[in-house]
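Asker: Following is a predicted model, sequence given first.
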Amino acid sequence: QYSFKEVFGTLVVQKELFDVVAKPLVEDLIRGKNGLLFTYGVTGSGKTHTMTGSPGDGGLLPRCLDMIFNSIGPFQAKRFVFKLDDKNGVEVQCEVDALLERQKRDAMPVTKTPSGKRQIDPEFADMINVQEHCKVEEVDEDNVYSVFVSYIEIYNNYIYDLLEEAPFEPIKPKWNSCNTPVRNGDLIPPQSKLLREDQNHNMYVTGCTEVEVKSTEEAFEVFWRGQKKRRIANTQLNRESSRSHSVFIIKLAQAPLDADGDNVLQEKEQIILSQLSLVDLAGSERTNRTKAEGSRLREAGNINQSLMTLRTCIEVLRENQMYGTNKMVPYRDSKLTHLFKNYFDGEGKVRMIVCVNPKAEDYEESLQVMRFAEMTQEVEVARPVDRVLCGLTPGRRYRNQAFKEELARKLELRGGPIDGEPEEQFGLESSLQSFPPLPPCELLDIEDDQMLPKLMEVLEKRRQLRQALSEEFSKNALTLKKILQDFDSNVASKEKYFQGKLSEKEKTITGQRTELERLEKKIKTLEYKIEILEKTTTIYEEDKRSLQQELESKNQKLQRQASDKRRLEARLQGMVTETTMKWERECERRVAAKQLEMQNKLWVKDEKLKQLKAIVTEPKPDKPERPSRERDREKPAPRSVSPSPVPSAPPVRLRHRRSRSAGERWVDHKPASNLPTDTVLQPHVPHAITVAAASEKALAKCDKYMLTHQELASDGEIETKLIKGDVFKTRGGGQAVQFTEIETLKQESPTGRKRRSSPSNPDPPEDAADSEWTDVETRCSVAVEMRAGSVLGPGYQHHAQPK
């Protein structure tokens, strides 16, 4: 669903569409404001029909022309009173210059502009025969108006004048291997027009033909003449598909009358030039549907590109207004948007008619068109400020007409010439009144001798006065004749002078025209070179962009490889460190095990030696007896490790050693492989949770941790270590232990491991030392062996589990 200001059905008539859309633009045109109206849609959706109309039902363009001339018809100026210059301006000519221009135009053998008296072409007569006489209310009657029309098309992003009388040939470019066009001398391609910016920052087409028209028929005949030159072609979707954007421009020049209401005010600041542009856009099309090839394919590409540029400009304007940004609007990317840049910048009112074809095949393209059209409604264009009035008294035109009509009526009543001057008639009457009046000429008495002398006297005075007037008239006639002769001579001399000046000016104009043609040719050559350079620059920019993208991709690839290498090095370093630590621990464990094994072997040998020494040194009885096996079993060999306490001693109460932090909750970790030490001092922690293996559940309930670790000391005794630490929570929600201190519990024998074989002799002689420490292998070949780690000796072993 899309929302628009107005939606017209398929059965809507042209008048209803004109009243809603185009009529406000015509009213603004006559009030001195600019306007832009264009039709937009896919190919074959009825844009040209909406703009031009059909026989018997004229479209928007003929109705706009008819409304303009119905409104300003009685207030139009004579031809050539307004003259457009080549810089998108207008100036007012005096009556003499305008008359000379009209005479020059009438003297031409072929009339370039159509005449209003000419018979209307029946081909388009029905289109301009509008029955509804629509006009603008409250037209300024103290102004004079003139209408100028021009017709251009934008084809392949080039601007061409459809009213130009030059020979018209289609463009047939050929490209060589160097990607440059080949000039063909046989064909004369039409010259593209250029866009310029005037002093008011408005864009216009330089060198465009602008025709002054005085009626609807004359203006539409000019349009129809250019319409025949417009490029159309037959495609799969439209039999007469427009291949270019056409722009019909209506310019209205108006200027106020002077204070007398008779002539146009000769002040350029008071001239108002307004413009209404009617644009028939070419339809967007998909080449897979139109089956376009060759030139048709190139035309479709340029049409779609210009419409895409128009859409981009609208989107940037909308973004700048909605988000307060200041992005540059790409008007110059297309001649269509560049020409109407000032409209989007706030120099007039813009209206767009979206034409939609209800065919199911155009569904996707129609959605794109309506989505763009709905978005354009969010763009706000500033309105131009109204111009200041000239300050003259309104109603001058009608007062001047009423004065002339009243003067003609009075002169007709007095019997004088209607076209005569009242000053001359008044002078003649005053001269007749200066003659003396005639006396009464009636004779009532024969004897009356006074009337005749009085009459003769009056007649004499009149004769004398008449003779004086005649002499004065002769003198005045001679004086006037002399003045006229002098005037004729002055006129002849001035005419010769002006003829000389005119010939000089014509020579100057001819030279300037030649120079202008040379400059135009130079401009064409430079434009051609600029076009080639722009194409070359575009190719280089594309290559540069592709190389930059390739360089960026390679840089990213190198960065990824470097990061992978660093990650691999860190991983390998971690693995090497972990392996090194593992092997170091394994070596330490093996060394400790080997040391323990060697110590056990050494202890076994020592025990053998002690037993052998005891056998050798004990006195022999006179009659040796073999002890029975029962006695041997009853009396096992005594251990010399840790002497047991004396049986007669009183029992000792076990003392429990308390931890320094007994007031806190502890986890007492005692591995299952630990051996009981049977020592008096034992570690005791109250309120502790005793576990065989540390678990997260037990650590979560306590804030202290203690590990009981046993290992074999260097002297062969068991050494117990209490490793303590603090429990704290980790960021991931688990538990961690930080070790703080170690307490050591060690059990030692009061005497050394090596004992003498005869402890009963406390003071042996010095020379007997060698005999007491005799080697077992040399003294006895029989010995008692003990297994390492058996209960008979101190060779206990315990390997703590690694943390």
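Answerer: Yes, it's here. Keep in mind that what you see is a predicted model, and the values were worked out from it rather than measured.
Asker: Taking the centroid of the protein, which residue is nearest it?
Answerer: V316 (4.9 Å; Cα atoms, centre = their mean).
Asker: Next one: that one from V379, what distance?
Answerer: V316 is 10 Å from V379, where distance means Cβ to Cβ, to the nearest Å. Quick note: C-beta positions are derived from backbone N, CA and C, even for glycine.
Asker: now T48
Answerer: T48 sits 26 Å away from V379, going by Cβ to Cβ.
Asker: Which one's more surrounded, those two?
Answerer: Legend: neighbour count by other Cβ atoms under 10 Å for T48 and V379, higher for T48 (24 against 18).
Asker: Low-confidence stretches in the chain?
Answerer: Applying pLDDT under 70 to the chain flags the ranges 107-132, 166-190, 232-241, 285-294, 381-393, 395, 414-436, 439-443, 619-663, 749-803.
Asker: Could you break it into its assigned domains?
Answerer: Recorded structural domains for the chain (assignment: the TED database) are 14-106+123-166+191-376, 689-744.
Asker: would you list these in a markdown table and tack on distance to A477?
Answerer: Shown next, in a markdown table, are the domains of the chain (distance: least, Cβ to Cβ, whole Å):
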| stretch | distance to A477 |
| --- | --- |
| domain 14-106+123-166+191-376 | 30 |
| domain 689-744 | 128 |
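Asker: Confirm for me that T337 is in contact with Y331.
Answerer: Yes - in this structure, T337 is within contact of Y331 by Cβ atoms under 8 Å, at 4.8 Å.
Asker: Overlap in contacts, these two.
Answerer: Shared contacts of T337 and Y331 (Cβ atoms under 8 Å, 6 or more residues apart in numbering): 313, 344.
Asker: Is the residue nearest to the centre of the chain located within a helix, as I assumed?
Answerer: Yes - counting by DSSP: H, G, I helix; E, B strand; the rest coil, V316 is located in a helix.
Asker: where do the strands sit along the stretch 101-250 of the chain?
Answerer: Under the criterion DSSP state E, counting those that start in this stretch, the stretch 101-250 of the chain contains strands at 143-155, 158-161, 194-197, 203-206, 211-213, 232-233, 241-242, 245-256.
Asker: closest to E471 out of these?
Answerer: Closest of those to E471 is strand 143-155, at 50.8 Å (criterion: Cβ to Cβ).
Asker: I'd assumed L307 was in contact with F38.
Answerer: No - using Cβ under 8 Å, F38 is not in contact with L307; the gap is 11.0 Å.
Asker: Need the overlap of contacts for the two.
Answerer: Residues touching both F38 and L307 (Cβ under 8 Å, 6+ apart) are L281.
Asker: The nearest residue to R231 once chain neighbours are set aside: neighbour count?
Answerer: Excluding its sequence neighbours, the residue lying closest to R231 (Cβ to Cβ, 6 or more residues apart in numbering) is R243, at 4.4 Å. With neighbours defined by other Cβ under 10 Å, the count for R243 comes to 21.
Asker: ok, R243 to Y158 distance?
Answerer: The spacing between R243 and Y158, counted by Cβ to Cβ, is 12 Å.
Asker: And for P62?
Answerer: P62 is 28 Å from Y158, by Cβ to Cβ.
Asker: the more surrounded of these two?
Answerer: Using other Cβ under 10 Å as the criterion, P62 and Y158 rank with P62 on top: 25 against 16.
Asker: Can you verify my assumption that the more buried one contacts T216?
Answerer: Yes - in this structure P62 lies within contact range of T216 using Cβ under 8 Å: 7.0 Å.
Asker: dump the residue contacts of the residue nearest to the centre of the chain.
Answerer: Per Cβ under 8 Å, 6+ apart, neighbours of V316: 327-330.
Asker: that older thread, which one of the strands of the stretch 101-250 of the chain lies nearest to N88?
Answerer: Among the strands of the stretch 101-250 of the chain, strand 203-206 comes nearest to N88, with 4.0 Å by Cβ to Cβ.
Asker: List the buried residues in stretch 707-717.
Answerer: Buried residues in stretch 707-717, counted by 16 or more other Cβ atoms under 10 Å: 707-710, 712, 716.
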